[in-house]
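Asker: Need coordinates for the below:
(4 chains)
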2 protein chains.
Amino acid sequence: MKATLKDIAEHLNVSVSTVSRVINGKGRVGKETRERVLEAIKELNYQPNEIARSLKRQSSRTIGVIVPDISNAFYANIIKGIEKVARENEKSIIVCNSDENITLEEEYVQLLAQKQVIGLIVASVGGNAEVFKQYRQHGLPIVFIDNLPKIEDNYDFVAIDNYKASYKLAEHLIEQGYRKFAIITGPLNQSTASERQEGFIKCLKDNGIEINYKFIASGEFKLESGYSIMKKWLKGIDKPMALFAANNFIAYGAIKAINEEGLKIPEDIAVVCFDAVDVTGLIKPQITSVNQPAFDIGTIAANIIIRKEKNKKVKAYEKVILEPDMAINESSLLKK
Amino acid sequence: MKATLKDIAEHLNVSVSTVSRVINGKGRVGKETRERVLEAIKELNYQPNEIARSLKRQSSRTIGVIVPDISNAFYANIIKGIEKVARENEKSIIVCNSDENITLEEEYVQLLAQKQVIGLIVASVGGNAEVFKQYRQHGLPIVFIDNLPKIEDNYDFVAIDNYKASYKLAEHLIEQGYRKFAIITGPLNQSTASERQEGFIKCLKDNGIEINYKFIASGEFKLESGYSIMKKWLKGIDKPMALFAANNFIAYGAIKAINEEGLKIPEDIAVVCFDAVDVTGLIKPQITSVNQPAFDIGTIAANIIIRKEKNKKVKAYEKVILEPDMAINESSLLKK
DNA sequence: TACGTTGGTGTTAACGTTTGCGCAAATTGT
DNA sequence: ACAATTTGCGCAAACGTTAACACCAACGTA
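Answerer: Below you'll find the predicted structure:
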């Protein structure tokens, strides 16, 4: 059906290697032959078989990417960043959705390894990196983004400074006059959840503010978690005055609960979180949020992979921690 | 570095084919040998080279997907649907972002064809399907989703009935008492844009409502288009009373303009559109919208590919037009 | 005349699999 | 006890490429 090198070669009565040389522009080929080959390629609509090439070259020219949720704009933008760098370097990417599921994530790691990807970029939902260990040992470069699983030896990692970012959010709330705080984080085995919580608490301690442990909860990074936890708290007599949600979905859920209880943001209760970028511009209230440079995280991670593949012998590990950027909005602004 | 069949074979003093047979569970292998092989596979952490397999099998077990924008939740959900079916059938997917760019789209088609995908699912941004023609001829199954490029012969296609959906939106607005309409669509060479416009206009005509052509504009499917076009209209003395935006981003932009001009939705002007699903639940006003079953579109499209690959001889083409589903919200509700 | 050079091309061996074929040994049936 | 069958396994070809190597012809140079 599809034309192969052999078809072209036979069609022109030359050898396959001659055709191959024309296509790759390597080695010598007579001018006239070259033109005849080029013509035949067009005529037969020849497309090189990338699978065969990959096998021969021992490189798939493909980067594997695993994220928890592709429909989350944060991850979608990371993917776009990766894709840009990949394109520039004539690589392509395979994206897998772990659906926040550690088992699925592991399956995908295996799948991608079998597909001989040149490297893996993973926003892992796992707490440790045991699974990744053996693949690394066998020479598969792995770059973690966003969440950093615990692992003994070195690793490549790209993320923002979650600790510092949360610290700054707390500072902002204190400055606005809030004193009674609540925290809803994600699964604490994920560094994104634990570091954000720790940074926030540290700031409270540094400012001599009492930590109210009954208003610290760990759920999933999902709307439902934010909603149900906040709902429960608001049913009590003692209510928090300012909420720190560890990601956007938790915040959305919490705000929904707050609205339902008829409370006002930010007068009755303030809300701050991570990653609440609003492409529509229509979300009310606009939320104070640390906005991660998702696209950049993607490009940086991809560049690490590219560099590693060019330089296979060098076994250096890069840890890139970006400065957080905070957008202050009405959800936490008491003073004008 | 990585272990191959040969490594295992040598390690055990058996032939490669024996090892291969154990792995694939095909052909006869003695019980004891099988166990020894299985053990060695674990010990050496053998992972089958999927590239070599694909070459030999003449199938990459991979579905290619091209969408205009992965960070649009609509496409992200389509991808999730495709991925689900792919997983169930032991296939994987490669997702490409055409960025609403027809040139990039064509590049990706070629790339995916070279990667020997078993089929292509494309939400094309092009007006015609010339590029796809030759690939189809060479036996590559192609399923169009969402937008249907013009093409002479048959094709596989999955989408909702855009014409009918827009007709229903118009009906709803008329029923609410609106009489002066504006339309902002996307590029008219895309069926998604033209059909939506036509369906809406047809309903107006059927109801004897005058078409105000100065309030019909075609831009891009982007926020900026909705914003600038609406802004211009609102600067005039004669203003429309109800807007039909052909997709969510156009609507967001238009609403931004409406808000800036201090007009009230839906009292001064109503807004309806396509695909304004709000995962946050916080967008104000909540928009009346035709919500496409994105996930289903994905699963259906993927199933078509799967079927085609099982049944290569059969050359049937499927056209699946789903019934539209409309969510009526405050952005168009005058009466209580 | 002979000899290096170089341009153009074909031959061949890989890359890691899968699989049809064949052969010897083991098992079964008569 | 001998044929017929079954079982277990190796051999080798193939999938579509690439690239090291070798070869021949034509040419320039000593």
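
Asker: where do the strands sit along the stretch 201-336 of chain A?
Answerer: For the stretch 201-336 of chain A, strands defined by DSSP state E, counting those that start in this stretch occupy the ranges A:216-218, A:242-245, A:270-274, A:288-290, A:319-322, A:326-327.

Asker: for those strands, which one ends up most surrounded?
Answerer: strand A:242-245 (a mean of 30; mean count of other CB atoms under 10 Å in any protein chain shown). Heads up, the C-betas are built off the backbone N, CA and C, glycines and all.

Asker: Can you show me the helices along chain A?
Answerer: Assigned helices in chain A, in chain order: A:5-12, A:16-24, A:31-44, A:50-57, A:73-88, A:102-114, A:130-137, A:162-175, A:191-206, A:223-235, A:248-260, A:294-310 (criterion: DSSP state H).

Asker: Please save the CA atoms from the fourth one in PDB.
Answerer: It refers to helix A:50-57. The C-alpha trace of helix A:50-57 is given here as PDB (Å, rounded to 0.1, in the frame of the first residue of the first chain):
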ATOM      1  CA  GLU A  50       9.400   6.700  11.300                       C
ATOM      2  CA  ILE A  51       9.100   3.400  13.100                       C
ATOM      3  CA  ALA A  52      11.800   1.800  11.000                       C
ATOM      4  CA  ARG A  53      14.000   4.800  11.300                       C
ATOM      5  CA  SER A  54      13.600   4.900  15.100                       C
ATOM      6  CA  LEU A  55      14.600   1.200  15.300                       C
ATOM      7  CA  LYS A  56      17.600   1.700  13.200                       C
ATOM      8  CA  ARG A  57      18.700   5.000  14.800                       C
END
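
Asker: Could I get the buried residue list for that helix?
Answerer: Under the neighbour-count criterion of 16 or more other CB atoms under 10 Å in any protein chain shown, helix A:50-57 has A:50-55 buried.

Asker: ok, which of these also contact DNA strand C?
Answerer: Among the buried residues of helix A:50-57, the residues within reach of DNA strand C (CB under 7 Å from any atom of the strand) are A:52, A:55.

Asker: sorry, back to before: could you dump the helices of chain A into a markdown table and include distance to DNA strand D and mean pLDDT?
Answerer: Converted to a markdown table, these look like this (distance: least, CB to the nearest atom of the strand, whole Å; pLDDT from 0 to 100):
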| stretch | distance to DNA strand D | mean pLDDT |
| --- | --- | --- |
| helix A:5-12 | 3 | 93 |
| helix A:16-24 | 3 | 95 |
| helix A:31-44 | 10 | 93 |
| helix A:50-57 | 3 | 96 |
| helix A:73-88 | 20 | 95 |
| helix A:102-114 | 16 | 96 |
| helix A:130-137 | 24 | 89 |
| helix A:162-175 | 44 | 97 |
| helix A:191-206 | 41 | 97 |
| helix A:223-235 | 48 | 96 |
| helix A:248-260 | 45 | 96 |
| helix A:294-310 | 15 | 95 |
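
Asker: can you list those in a markdown table and add distance to A:Glu330?
Answerer: A markdown table is the format used below for those (distance: least, CB to CB, whole Å):
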| stretch | distance to A:Glu330 |
| --- | --- |
| helix A:5-12 | 64 |
| helix A:16-24 | 59 |
| helix A:31-44 | 60 |
| helix A:50-57 | 51 |
| helix A:73-88 | 21 |
| helix A:102-114 | 37 |
| helix A:130-137 | 42 |
| helix A:162-175 | 13 |
| helix A:191-206 | 20 |
| helix A:223-235 | 18 |
| helix A:248-260 | 12 |
| helix A:294-310 | 23 |
